[in-house]
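Asks: sequence and predicted model, in that order:
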Amino acid sequence: MFSYIADIMESKLSSYAIIGAGGKGERMGCNKQLLELKGKPIVIRTLEAFDQHPLVDGIILVRPAELENEFRNLIKKYEIKKIADIADAGPERQYSMYNGLQKVKNCSVVLFHNGANPLVTEREITECIKEAYNHGAAVVASPVKDTIKRVKDMLVKETLRRSELWAMQTPQAIRYEIAVKAYEHVIKGNIQCTDDVQAVELFDSSVTIKIVQASPQNIKLTTPADVLIAERFLDPSESRSYCETVFGIGEDSHEFMKEAEKIAEDNEKQINKCLVLGGVVISSEMAFKANSDGDAVLHAISRAILSAINGPSIDFFADDLAKKGQIDSRIYLKSILAYSKEKGFVPNEARIIIEAGKPKLTYHLEKIKENIAFLLGIDKEKVGLAVHSGEKLSLFGHGKGVRAFAFVSMKKIGN
């Protein structure tokens, strides 16, 4: 089990998933939940994603009452083990999800998911649970690519700022106690609500709702064309040619602690914090101002990897580890590499530039290269490393701290 999931499981949080499969599929021309996708009903592929996830304790399936037998037979046939209960679909989505919520036992987080999103990834489920648990609510979403205008009576009234617009997907996750109160608020008030986190917005606008970046394949199957797209994602011959190599850029910088600050922190935390770059101890007399060891090189590489694979921010991995007193950036990178492997990518090469006026790093460069190659699991010849002082045009060149830039390429596993 990957460490980023194991860390969450240590907290003993529990989560339930409500799968909404009550739609009539009017745009599909049939009940899309029962439509086969590469040999399996769409709803079964959706259920399997949550049934196999280690952080999901139970599943509530919401389906049309008249199709109860069909759904029960499929659950039995495909051995979906975590079905805790079944609920009737309502006239609209909010009533369907509310019916499902009534069946959920007291837990930490509730996930709401469309049965017609069968290609949801383990990462999306994990991040939604974590962000909802830590902040209150979370939703999978994609940034809008098109220009969006507000229109009234077929006349353009306003052009909205595209950088602030995201298209909502599922899963959407909410802390259980917030979900119950939010849904009771919209149901009793007969308030129109098109997705689950909107219920939270309408109930209590002070609740933080975090965005989790959607995976490309997590599409909602609404039309026959969507099914064709989903089949391409499931076809190994297609996936081999899809994004065989991806690239990312990352940056990080930290200033040095003053001598008195270092002594105070070492005494307080009973440590001897050192200056570390690329996982190599450079000096025990210096250290960075940071919650971790402040290894700007490994942090830049970590950000580059996450950028390449469209992952979350480095804080997603580092925050919990830092709270537990773990300051070794190699551990952070290890967790990120496990996450990257789960998404199907491993490092191919890395190029790093360090900007620093001090300390002198010339005699450390070879050791840093060797260590980066070892950590990334690549040949040393695939690690490029250069250092400069920037002609002392910046604070880093003047010796106030260190800045690192990293470029990485990640190759798809099997290529």
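Replies: Looks like it came in fine. Numbers count the residues shown, from 1 in each chain.
Asks: please count neighbours and contacts with C-alpha atoms only from this point.
Replies: Fine.
Asks: pull out the buried residues from the host helix or strand of Y133.
Replies: Taking DSSP states H and E as the criterion, Y133 maps to helix 122-135. Within helix 122-135, the residues that count as buried by 16 or more other C-alpha atoms under 10 Å are 122-133.
Asks: send me it as CSV with only the CA atoms.
Replies: Extracted in CSV, the C-alpha atoms of helix 122-135 (Å, rounded to 0.1, in the frame of the first residue of the first chain):
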residue,chain,number,x,y,z
GLU,A,122,-7.8,5.9,-6.6
ARG,A,123,-5.9,9.2,-6.3
GLU,A,124,-9.1,11.3,-6.8
ILE,A,125,-10.9,9.3,-4.1
THR,A,126,-8.0,9.5,-1.7
GLU,A,127,-7.4,13.2,-2.1
CYS,A,128,-11.1,14.0,-1.7
ILE,A,129,-11.3,12.1,1.5
LYS,A,130,-8.1,13.7,2.9
GLU,A,131,-9.1,17.3,1.9
ALA,A,132,-12.7,16.9,3.2
TYR,A,133,-11.4,15.5,6.5
ASN,A,134,-8.9,18.3,6.9
HIS,A,135,-10.9,21.2,5.7
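Asks: which helices and strands sit right next to it?
Replies: Under the contact definition 3 or more C-alpha pairs under 8 Å, 6 or more residues apart in numbering; DSSP states H and E, helix 122-135 sits against strand 109-114, strand 136-143, strand 166-175, strand 208-213.
Asks: now the two most distant members of the buried residues of helix 122-135.
Replies: Farthest apart among the buried residues of helix 122-135 by C-alpha to C-alpha are E122 and Y133. That separation is 16.6 Å.
Asks: tell me how many other residues crowd L333.
Replies: 22 (other C-alpha atoms under 10 Å).
Asks: contacts made by stretch 188-200 with the rest, please.
Replies: With contact meaning C-alpha atoms under 8 Å, 6 or more residues apart in numbering, stretch 188-200 is reached by 93-94, 112, 137-139, 172-174, 178-179, 182-183, 185-186, 207, 209.
Asks: how about V207: what's its closest non-neighbour residue?
Replies: By the measure of C-alpha to C-alpha, 6 or more residues apart in numbering, the closest residue to V207 outside its immediate chain neighbours is G136, 6.0 Å from it.
Asks: contact partners for the one you found?
Replies: 174-175, 178, 207-209.
Asks: which of these are buried?
Replies: Buried members of the contacts of G136, counted by 16+ other C-alpha under 10 Å: 174-175, 178, 208-209.
Asks: may I see the PyMOL selection of the buried members of the contacts of stretch 188-200?
Replies: Under the burial definition 16+ other C-alpha under 10 Å, those of those that qualify are selected in PyMOL by:
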select buried, resi 93+94+112+137+138+139+172+173+174+178+179+182+183+185+186+209
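Asks: residue ranges with poor pLDDT in the chain?
Replies: For the chain, applying pLDDT under 70 flags the ranges 1-12, 24-31, 236-243, 262-263, 265-271, 322, 390-393, 414-415.
Asks: can you give me the helices in it?
Replies: 3-9, 42-51, 68-77, 93-101, 122-135, 176-188, 196-203, 224-234, 236-239, 259-269, 296-308, 315-323, 329-342, 365-376 (DSSP state H).
Asks: residues of the third one that come out buried?
Replies: Buried positions in helix 68-77, judged by neighbour count with 16+ other C-alpha under 10 Å: 71, 74-75.
Asks: just to revisit the earlier point, so which of the contacts of G136 is the closest to R162?
Replies: I209 (19.3 Å).
Asks: and that closest one, how far from Y183?
Replies: 16 Å (C-alpha to C-alpha, to the nearest Å).
Asks: quick one, what contacts the residue nearest to R403 when sequence neighbours are not counted?
Replies: Excluding the flanking residues, the one nearest R403 by C-alpha to C-alpha, 6+ apart is S253, at 4.1 Å. Shown in contact with S253 (C-alpha under 8 Å, 6+ apart): 296, 401-404.
Asks: rewinding a little: could the buried residues of helix 68-77 be laid out in a markdown table, adding distance to K411?
Replies: What follows is the buried residues of helix 68-77, written out as a markdown table (distance: C-alpha to C-alpha, whole Å):
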| residue | distance to K411 |
| --- | --- |
| F71 | 40 |
| L74 | 38 |
| I75 | 37 |
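Asks: A230 is in contact with K220, isn't it?
Replies: No - here A230 does not reach K220: they are 9.3 Å apart, not a contact under C-alpha atoms under 8 Å.
Asks: what domains does the record give for this protein?
Replies: 3-239, 245-412 (automatic domain parsing).
Asks: hang on, isn't K358 packed against G399?
Replies: Yes - the pair K358 / G399 is scored as a contact, 5.0 Å apart, by C-alpha under 8 Å.
Asks: ok now do Q172, which residues does it touch?
Replies: Per C-alpha under 8 Å, 6+ apart, neighbours of Q172: 111-113, 128, 137-140, 196-197.
Asks: let me fix that, I meant to ask about I282.
Replies: Applying C-alpha under 8 Å, 6+ apart, the residues contacting I282 are 274-276, 364.
Asks: kindly give a single PyMOL line that selects the buried subset of the residues you listed.
Replies: Only the buried entries of the contacts of I282 go into this PyMOL selection, using 16+ other C-alpha under 10 Å:
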select buried, resi 274+275+276
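Asks: follow-up on the earlier one: may I have the beta-bridge partners of the residue nearest to V207?
Replies: T208 (DSSP bridges).
Asks: could you measure it against L160, distance?
Replies: From G136 to L160 the distance is 27 Å (C-alpha to C-alpha).
Asks: again with F317
Replies: 33 Å.
Asks: who's more crowded, these two?
Replies: A count of neighbours by other C-alpha under 10 Å puts F317 above the other of F317 and L160, at 20 against 12.
Asks: since we're on the closest residue to that one other than its chain neighbours, how many residues are nearby?
Replies: Nearest non-adjacent residue to F317, counting by C-alpha to C-alpha, 6+ apart: Y332, 6.3 Å away. If you count neighbours by other C-alpha under 10 Å, Y332 ends up with 25.
Asks: same check on G39?
Replies: 8.
Asks: over to the one 5 residues further on?
Replies: Per other C-alpha under 10 Å, the neighbour tally for I44 reads 25.
Asks: isn't it up against K76?
Replies: No - judged on C-alpha under 8 Å, I44 makes no contact with K76 at a distance of 10.6 Å.
Asks: about what we covered before: save the contacts of S253 as TSV, and put in neighbour count too.
Replies: Shown next, in TSV, are those (neighbours: other C-alpha atoms under 10 Å):
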residue	neighbour count
A296	27
G401	23
V402	27
R403	21
A404	24
